[in-house]
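J.: for reference, the sequence and a predicted model appear below.
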Amino acid sequence: MGCHSVSYLNTEDICCECKHDERQFPGYAAALAAEEAAVRSGDLNFTGVGLSDLDRQVMQRLLAERRKATAHI
């Protein structure tokens, strides 16, 4: 990974393309709000809210679309 970040949904290190995709997950807004609330309350080791089944479905679709697009290059 040339560019990486930590997911807002869990503690996984993800690439910047996945970070962009993550913003489209149905649970992203709630995960972001939960992380911000945890930090405000002093929890600097928040582990995230996790991925829901719907988040995983969206992630798999976006990854498949990206693979298909790069396969034509």
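T.: Yep, it's here.
J.: run the chain-centre distance for the longest helix anywhere in the chain.
T.: Identified as the longest helix of the chain according to DSSP state H is helix 53-71. With CA atoms, centre = their mean, to the nearest Å as the basis, helix 53-71 stands 12 Å off its chain's centre.
J.: list the buried residues in that helix.
T.: Neighbour counts over helix 53-71 (16 or more other CB atoms under 10 Å) mark Asp55, Val58, Met59, Leu62 as buried. Any C-beta I mention is one placed from the backbone N, CA and C, and that applies to glycine too.
J.: again with stretch 17-26
T.: Counting neighbours by 16+ other CB under 10 Å, stretch 17-26 gives Cys18, Asp21, Glu22, Phe25 as buried.
J.: what pLDDT does the model give the third one?
T.: This means Glu22. Model confidence at Glu22, expressed as pLDDT, equals 96.
J.: report the separation between it and Gly42.
T.: Glu22 sits 25 Å away from Gly42, taking CB to CB, to the nearest Å as the criterion.
J.: sounds good, over and out.
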